Every structure is written in structure tokens, then in C-alpha cells.
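>>> okay, predicted coordinates and the sequence, questions at the end:
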Amino acid sequence: MTLASIPAPLELAPGCLWWQGYLDRPAQEALVADIREVLATAPLFTPRMPRTGKPFSVRMSNCGPLGWVSDESGYRYQPRHPETGTPWPPFPAALRRAWDELSDADLPPEACLINWYGPEARMGLHQDRDEQEFAAPVLSLSLGDTAIFRLGGTERRGGTRSIRLASGDALLLSGSSRLAFHGIDRILAGTSTLLSQPGRINLTLRRVHPAREEPDAAL
């Protein structure tokens, strides 16, 4: 996909941009193949809630230099798979291209969280705030069945709105929406033929650290 062919986004809230149909069907199929290669090296695992150990309904993996994990000791980013101990695979080229085309960020991403939503999976309202760099946006891509996505403000008790994120859609949280509460209410099984089984893949690109200062050449 060229820059000239990228659809114009809808601004759902200041800094929250939604590109419907950003990835066409061939691009979606190619990205699914890329993700399958990633998962062959970094298989899906079931994260657990801090303290309680309750399992998430969503299964996860990562690619890029860092990966987000959750278990009884807390939420964090780390460079290795929590079960295999191996480094996360590199980003597929299509993910870096999406970041470069849509994010308008000065810094490259450091992590891509891969979420697998089965037909019964959910994700409660939450903020993406385990990063050290909030000036960089969060970019997500949807593959597979449509999801009911709920967007709020920066206060948990604030009002929300819902949209249907379809296969190939992209969503950016930036600026005043970077710390907006958001979640997935449900998956509409059977709304896509992209995947071999009902469900949805969500790919979330994030920058974790601020830019590292360069040493003073005069020292």
C-alpha cells in the first residue's frame, strides 16, 4: 500500500485516529502469514493477573526487541518469552511500515503485542501506561473477526463510545488520547473469512523508552 492510497482517518477523539480498511485483503493475508512465522518461534501464552494469578481470556505473544507480559509479579516489558526464554522475533516489515506511515512518531517502536481473541475473549477497560515514553503513540492493527471496541477518556468513570473494528482497520492513540481507557467488549464471530478459525488477532505497536541521549562528543 502506498501513502497515496491510505484512506483518510476518522478522528474519534482528539488524537484518536481510525483508518477503516487500512490493509486490503492481500496485505491482511500476507501479515497473517508473517504472524504465523512469529508464533512458530514465540508461541502464544496465557498471561495472568498480578497478585491473583487469574488467567486472561486473551492469549498473547510479542515481536520486536521487547515484549509485554503479565503474571503474579506484575505488568512489565522484557526481552525474552516468559515460557521459552528465547528472545522475541523481529518485527515483520509490514508492521514497521504501518508505524512509519501512520504514527508520525520520531522514535521507532520497541514492542508489538500480539493478542489472540477467541470468540469468547474480552479485554476490560484499561490504559496503556506501562511504557516510559507517553509522547509516542500506540498503534494497533486488526485481523480477523470484527471487535466491539470501547473508547473512553483519561478517567475510568468518564463516558465511552463504541465502534466496530474490522479486519484491516488501524487505530492510533496519540496526544490527549494516548492514555485513554479502552477495551474490547466482544468479538463478532463469523464476520471475517481471513483466519482459519473464528477469532481476532490484534497487533499493538508501542514505544517503551524515551530517546537515549547521545554522549557529548566533546567529552
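Nice, I can see it. Remember, it's a predicted structure, so these values are computed and weren't measured experimentally. Numbering: from 1, shown residues only.
>>> rest of the way, CA atoms for contacts and neighbours
Fine.
>>> just confirm Glu120 is within a strand.
No: if the criterion is DSSP: H, G, I helix; E, B strand; the rest coil, then Glu120 is coil and not within a strand.
>>> check whether it really touches Ile187, as I assumed.
Yes: assessed by Cα atoms under 8 Å, Glu120 is found in contact with Ile187 at 6.9 Å.
>>> who has more neighbours, these two?
With neighbours defined as other Cα atoms under 10 Å, Glu120 and Ile187 compare such that Ile187 has more, 24 against 14.
>>> how much space separates that one from Ser73?
29 Å (Cα to Cα, to the nearest Å).
>>> please apply the same query to Pro90.
Per Cα to Cα, Pro90 is found 26 Å from Ser73.
>>> which helix runs longest in the chain?
If you go by DSSP state H, the chain has its longest helix at helix 25-41.
>>> distance between that one and the chain's centre?
Taking Cα atoms, centre = their mean, to the nearest Å, one finds helix 25-41 lying 15 Å from the centre of the chain it belongs to.
>>> and what of stretch 71-89?
The chain centre lies 16 Å from the centre of stretch 71-89; the measure is Cα atoms, centre = their mean.
>>> buried sites along that stretch?
The neighbour-count check on stretch 71-89 (16 or more other Cα atoms under 10 Å) flags 71, 75, 77, 79-82, 87-89 as buried.
>>> helices along this structure, start to end?
Assigned by DSSP H, the chain shows helices spanning 25-41, 93-102.
>>> closest one to Arg129 among those helices?
Among those, the nearest to Arg129 by Cα to Cα is helix 93-102 (19.0 Å).
>>> cool, thanks, signing off.
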